[in-house]
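S.K.: Need a 3D model of the following:
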Amino acid sequence: MPRFWCPAVFISLQLPVCFSTVSNLSGHGTKIQAVSITAGSRTFTLDGCPGGDPNGALSNVLFSSLNLSFPGLDAVKNAVNNGNITGACNEIALYYASAPTARWLRMAAPPQGSSHAGGAVDEIMLDDKYDFYGEIGKVPRMPDGGLNWTWLGPVDDLQFPLALNRHEAWNSFLSAWNSTGNPDYSRVFDARVADWTSHHLPAPQAEAHDSVWMSLEAGIRASGSWPNSFFGFQNAIEFRASSRCAMVAGFAEHGRYLQQYGSSGNTNFRSMQYDGLGMISLTFPELKNASLWYTEALEATLADMADGVYPDGVEDEETSGYHYVALMNFDLFLSDIVNSGKTPDPRMAQVVEKMYNYLAYSLDPTGYSPLNSDSDTTYTAPRILAAASRFNRSDWLYIASNGDNGKAPDGPPSVMFPWAGQLISRSGWNSGAHWSWFDCGPYGSSGHGHRDKTHLSVRLGGVQILVDSGRFAYEGVLAPYRANYGVLSRAHNVLLLDNKSQVAAPARATAALENDTWLISDTEDRARASITFSGIQGDATHTRSVVYARGKFWVVVDRVVSDRPRDVEAIWHVHPNCTAFVTNATTNAQAQHNETGIGLTIVPVVGPVAWKTVAVIKGQTEPDIQGWYSRSYSHATPNPTISYRQSITQGMSSFAWLLVPTKQTASAASAKIVSENSTTVVIETTVDQVVETFAVSF
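M.R.: Residues are numbered from 1 along each chain as shown. Below is the predicted model of the structure:
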């Protein structure tokens, strides 16, 4: 079966393949007439070497890379020894059609049909129209008829050709062929293989940073679309011997390239690159360097797991999106090792389980992971449900099913990941529970981090209320929204001092959070974090302390210590499906979901420092970008953003917030600072006529 980002271990039967006898294959450097070979009930064409050239660069790569003494390659070796390179290429194609390798990726040929799958795969096949991240464009053709594999797409976004060169369309062709039996899909796959391999192989000797041979793209191809399609199409008669040989040479080149440059980039990059190198080693043991590649891929993966994943299971880039990417690649490599018949190192499963544990316990009531740093809104509950079965984790099953199945975790429903510095607060495990995410950890180990320490997101059951602004785009028309907004502090629910962002530090945690900086009990959660600012005059520090009174509300206390007067802005970003407004005669604000009426009343706590202005900003581009939200890459929409402004004096200034869940109407809640000193702020809250007091530590 093909490997479509699924960590489950697949077993499939190897169907018998029968071959007709072929004679009079022409020798070295001679054109031959294509010969049809029976494969099961089908035939494929023996048309010789890649590009029809036995002396070509790909033929040289092919024969210099294969171990011709490998069991089953006798006919190939004999043809080479007799100077019959064209015949040897055909023998290579015959060998792979029936080889006992990569059984979990091989598929029986579907009954031949003429229907079409429809949708995106047909747009790709019939019109060269691709959709990456919502960027839809028709890839132009080159003068020789091949695709322009480096075209930047409709909005000049480098991510478009990067995605194009990952060859995910080849998986789509395989899926469509398997479901319809229509040879149009296997034929277009063969044509794409011939096109790409003739223009972009051999791989460059030096490390490339273009859209074709970025090491990341090489790893993605080698771990997914290439092995999926190569082995999945073995019983397709439209998959010619020349294209098969070109891919084998391509696998050898991907292996060489990834061995040289697989160490490039951050943890999630390397997880894909070493997964690709490992996949080649497991599925192409006939290549001379396969054993070496496997050892290097395994050792590098174990090193990245040790160095790039914190003891609490969180990947050190501090983004749920790239945590997910690294986890999927670690898990795929683990599954491929098992599928190949090898015994995996037990450390791999241990780290993979810890990483799934983070996904499970950070899940919101609707099954989505946190939107933090360079992430998208990602529905991960199905992954957790599948992993729960594999790892025998009834607690994950309970979380991902909102308590319908499995066993409830012990203790309160909140969790702190103390190395990553992420507090997940909940009122319960049901679908209507409160959920919040508080960032009290490091910036992140790569350029995917955002300056968002002390950010707080709040979701009430199925409704997102307070949100992170997302990642927008790395290239193209939305790139300025990321560079000048999304990665900066103003795109998060934090304080700005003198309109400056936080420092992008520290990159990594060197120890877990101190125990006295956070607490989870039956009735409440507490955590605090401090941060300084980049580009300000003098010295200033912001500390935020959050208290979640379980099932009731949140108390947020901010303290600024400064060596001079400052302008302060407090920002609360509201989901675009909500309306935000300031209530009459007060500075209280209300964020309310447009359909359900579920909302959050934001109450500035009465204290020695009062807010001068409050405004709701939406879709602003000047003088600064503000009030924009990106649910996924290459997406942006205006969203209400509540901005509070004031000026503070030199010394210590404290101000606080009461965040109260509501339904239909704003809460009449109130709060005030009763007392404060250098270590404690005492807050008195009144909600539904119930008075409570909270001593918040600093």
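
S.K.: Report the helix or strand with the lowest average pLDDT across the chain.
M.R.: Counting by mean pLDDT, DSSP states H and E, the chain has its least confident helix or strand at strand 35-39, which shows a mean of 46.

S.K.: Tell me the buried residues in stretch 375-386?
M.R.: For stretch 375-386, burial by neighbour count (16 or more other CB atoms under 10 Å) applies to Ser375, Asp376, Thr377, Thr378, Thr380, Ala381, Arg383, Ile384, Leu385, Ala386. From N, CA and C alone the C-beta is placed, and that goes for glycine too.

S.K.: The third one: what secondary structure?
M.R.: Going back to what we said before, that points to Thr377. Reducing the assignment at Thr377 to three states with DSSP: H, G, I helix; E, B strand; the rest coil gives coil.

S.K.: Let me see the contact set for it.
M.R.: For Thr377, the contact set (CB atoms under 8 Å, 6 or more residues apart in numbering) comprises Tyr368, Leu371, Gly470, Arg631, Ser632.

S.K.: Now for the residues you listed: which two are most distant?
M.R.: Spanning the widest gap among the contacts of Thr377 are Tyr368 and Gly470, at 12.8 Å by CB to CB.

S.K.: ok, these two, which is more surrounded?
M.R.: Relative neighbour count places Gly470 above the other of Tyr368 and Gly470, with 29 against 20, counting by other CB atoms under 10 Å.

S.K.: Check whether that one really touches Thr637, as I assumed.
M.R.: No: judged on CB atoms under 8 Å, Gly470 makes no contact with Thr637 at a distance of 9.8 Å.

S.K.: still on that earlier bit, which of the contacts of Thr377 lies closest to Ser281?
M.R.: Taking CB to CB as the measure, Ser281 lies nearest Ser632 of these, at 33.8 Å.

S.K.: list the residues that contact both of Gly470 and Thr637?
M.R.: Common contacts of Gly470 and Thr637 (CB under 8 Å, 6+ apart): Tyr629, Ser630, Arg631.

S.K.: Looking at these, which are in strands?
M.R.: For the shared contacts of Gly470 and Thr637, membership in strands holds for Tyr629, with DSSP state E as the criterion.

S.K.: Just the closest of the shared contacts of Gly470 and Thr637 to Gly428, please.
M.R.: Taking those together and measuring to Gly428 by CB to CB, the closest member is Arg631, at 25.9 Å.

S.K.: Name the helix or strand for the residue nearest to Ser69 when sequence neighbours are not counted, please.
M.R.: Here the nearest residue to Ser69 in space, its sequence neighbours aside, is Lys77; by CB to CB, 6 or more residues apart in numbering that works out to 7.0 Å. Counting by DSSP states H and E, the secondary-structure element that holds Lys77 is helix 74-81.

S.K.: starting at the chain centroid, how far to that helix?
M.R.: Helix 74-81 has its C-alpha centroid displaced from the chain centroid by 45 Å (CA atoms, centre = their mean, to the nearest Å).

S.K.: which helices and strands does it pack with?
M.R.: In terms of contacts (3 or more CB pairs under 8 Å, 6 or more residues apart in numbering; DSSP states H and E), helix 74-81 is packed against helix 85-98.

S.K.: Could you check the angle the helix it packs on makes with helix 74-81?
M.R.: Counting by axes from the mean of the first three to the mean of the last three CA atoms, to 10 degrees, helix 85-98 points 170 degrees away from the direction of helix 74-81.
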